[in-house]
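Colleague: Sharing a model that was predicted from the sequence below.
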Amino acid sequence: MIKKAYKYLFISLILCCVNLSIFAQDSDTVYSRVSFNKPYFKSYLTDTRDLLIFPVKWDKKDIITFSSTCLVIGGLFTQDAKIQEFSQGLRTPKLDSISKYGFEPWGGIYSMSSMALFYLHGTIFKNDRSKRVSMLGLKSFLVSAMLVQIPKHLFNRNRPYHGDSPDPMVWNGPIPPDFEPETLKRFYKKSFFSGHTTSIFSVASIIATEYRDKPIVPILCYSIASLTGISRIYDNKHWASDVLGGAAFGWAIGKFIYHQNNWNLNIVPYSNSNSQGVTVYYTIKQAKTATME
């Protein structure tokens, strides 16, 4: 019964997200068309490359933001064990079902189903904005799922359910004692960052940024993403710092990919005593302005 109820909840949330795109169209904004063509698939490589080298281009503000985020995550390391103990004390069969069917799948199947419905909506109603969200969301999901494997294997942190006495300070590093299949299977714990949280925040940031003109959309997206992250703590799959790190990582990837593909035009009419016309503002990685009279 509970499982069936959460299936209906999932469908309702998806339809809500898709229908919001109808009302978010801006009459004086022209959005770039994104399609499954060679440039789109090539952009997976170029966007990933640009994302990996982006830190060398950071300015002072970026460095401060990154450092502050690292400090917060580092501070949370000291509280991971207490948060884990507290969360496990909240476990009930009903909450287990809510987490299992209501939130955990947003780290995978629910997010991809959402993107499929966005694309279906865009195709049926000839809505380029919906298709754009779908394709950028898909790219963000796949790129983040790949890149999150770097810290997972590099730090190789123990998960909360490993061992009789879980220790959040156990970091095994990337090199196993030997490379036998059974050893590799046991060695890699991959707790840091949370992959589910990274994925859902990467998709949520795409949708929230695209529909930032409708406040309900970012609120809905980031609420679902946050609850998905919390469910990973509740399910004892990750430490709290894994989730916070994954949220920041996924959010940053989604924002980067969105702005890498931000080709929208804003057309603003103007009139004065000497002339009439429109001013066209367009963004292609950097803001530029052109005026036509």
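Modeller: Yep, that arrived.

Colleague: hey, let's count contacts and neighbours off CA atoms from now on
Modeller: Noted.

Colleague: Next, the buried residues of the helix or strand containing residue 136.
Modeller: Secondary structure here is read from DSSP states H and E; on that basis residue 136 sits in helix 128-147. Residues of helix 128-147 classed as buried by neighbour count (16 or more other C-alpha atoms under 10 Å): 128-141, 143-145, 147.

Colleague: and if you look at stretch 65-79?
Modeller: Quick answer for stretch 65-79 (16+ other C-alpha under 10 Å): 73, 76, 77.

Colleague: what residues does it touch?
Modeller: Applying C-alpha atoms under 8 Å, 6 or more residues apart in numbering, the contact partners of stretch 65-79 are 168, 169, 240, 241, 244, 245, 248.

Colleague: Report the mean per-residue pLDDT for it.
Modeller: The average pLDDT within stretch 65-79 is 96.

Colleague: Now the most centrally placed residue in the chain: which helix or strand?
Modeller: Geometric centre of the chain, nearest residue: residue 202, 1.3 Å, by C-alpha atoms, centre = their mean. Counting by DSSP H and E, the element that carries residue 202 is helix 195-210.

Colleague: as a whole number, average confidence for the helix or strand following that helix?
Modeller: Heading C-terminal from helix 195-210, the first helix or strand you meet, by DSSP H and E, is helix 216-234. The average pLDDT within helix 216-234 is 97.

Colleague: cool, and stretch 156-164?
Modeller: 87.

Colleague: ok now that stretch, how far from the chain's centre?
Modeller: On the basis of C-alpha atoms, centre = their mean, to the nearest Å, stretch 156-164 sits 25 Å off its chain's mean C-alpha point.

Colleague: Can you name the residues in contact with that stretch?
Modeller: Here stretch 156-164 has contacts from 84, 166-174, 188-192, 236-239, using C-alpha under 8 Å, 6+ apart.

Colleague: which of the contacts of stretch 65-79 lies closest to residue 90?
Modeller: Checking these against residue 90 with C-alpha to C-alpha, the nearest one is residue 240 at 15.1 Å.

Colleague: All good on my end, thank you.
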